[in-house]
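Q: Sequence unavailable; structure follows:
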């Protein structure tokens, strides 16, 4: 059965290599599509740097979770974060609901197949979902709640829902402290996006917008700092998730 085959790939290291290759391929497709756009000469370099930064963040996080033999979480990140529209666009192509150039057809097929692979991996590793409610220190739980509220106002609703879903699965499959790795990734990406907006807008931006972006960057930096602090200051041992945060 395909589930056993996918789980075997996790054990022999094949899953890690495939995940990394697919994330790199998605990044190459995104950069290639950007280079085909006419505005590449003006702002393309800035956008390309942003794409590479985002890709490196998610590749590092996905590879780390995969190295911990948590394919469910790593492929949720691949599907929801890197190829969220892959299956939908492939379906529109197959049913002739979308008219595309030859190159776009090629990109759609690649991203669609990667998305389908991610879905199969998710189903194959659903056995990793063993939810136990983590009992966290009060200051940690308050920080996570504050981060959730900031995420709601900082990101689009669809991105917020995606981050929330992945966070729930991290809680359900890993020790609770691992959520801070994901939080750091989210806000590094947010800083990258804010800096890109500032560089692209340049002198044309209103002072209020510039101050708003700077404030957003400072808040993200603070969240990254405290997330890293909580992560490194939590003892790593073999306690269960339920008792992991209590002492």
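A: Nice, thanks for sending it over. Remember, it's a predicted structure, so these values are computed and weren't measured experimentally.
Q: Domain boundaries for the chain, per the record?
A: Using automatic domain parsing, the domain parsing of the chain gives 1-128, 129-247.
Q: List the buried residues in the lengthiest helix in the chain.
A: Ranked by residue count and defined by DSSP state H, the top helix of the chain is helix 207-232. Of the residues in helix 207-232, 213, 216-217, 220, 223-224, 226-227, 230 count as buried by neighbour count, 16 or more other C-beta atoms under 10 Å. C-beta here means a position set from N, CA and C on the backbone, and glycine is covered the same way.
Q: And for stretch 22-31?
A: Neighbour-count burial for stretch 22-31 flags 22-23, 26-27, 29-31 (criterion: 16+ other C-beta under 10 Å).
Q: Stretch 72-91 now?
A: Within stretch 72-91, the residues that count as buried by 16+ other C-beta under 10 Å are 72-83, 86-87, 89-90.
Q: Just the residues you listed: which are in helices?
A: 72-77, 86-87, 89-90.
Q: now the residues you listed in CSV, with distance to residue 181 and pLDDT?
A: Output for those, formatted as CSV (distance: C-beta to C-beta, whole Å; pLDDT from 0 to 100):
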residue, distance to residue 181, pLDDT
72, 15, 90
73, 10, 92
74, 12, 93
75, 16, 93
76, 14, 94
77, 11, 94
86, 24, 89
87, 27, 89
89, 29, 89
90, 30, 90
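Q: can those residues go into a markdown table with extra columns for distance to residue 119?
A: Output for these, formatted as a markdown table (distance: C-beta to C-beta, whole Å):
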| residue | distance to residue 119 |
| --- | --- |
| 72 | 12 |
| 73 | 14 |
| 74 | 13 |
| 75 | 8 |
| 76 | 10 |
| 77 | 13 |
| 86 | 9 |
| 87 | 7 |
| 89 | 14 |
| 90 | 12 |
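Q: Out of those residues, the closest to residue 126 would be?
A: Nearest to residue 126 out of those is residue 72 (C-beta to C-beta; 6.7 Å).
Q: which ones are touching that closest one?
A: 121-122, 125-126, 128-129, 169, 173 (C-beta atoms under 8 Å, 6 or more residues apart in numbering).
Q: run the last query once more with 7 Å
A: Contact analysis of residue 72 by C-beta atoms under 7 Å, 6 or more residues apart in numbering lists 122, 125-126, 128-129, 169, 173.
Q: ok so, going back, closest to residue 153 out of the ones in helices among the buried residues of stretch 72-91?
A: The nearest member of these to residue 153, counting by C-beta to C-beta, is residue 77 at 22.7 Å.
Q: Now do the contacts for the nearest residue to that closest one once chain neighbours are set aside.
A: Of all residues not flanking residue 77 in the chain, residue 62 sits nearest, at 4.8 Å (C-beta to C-beta, 6 or more residues apart in numbering). Residues in contact with residue 62 (C-beta under 7 Å, 6+ apart) are 19, 23, 74, 77-78.
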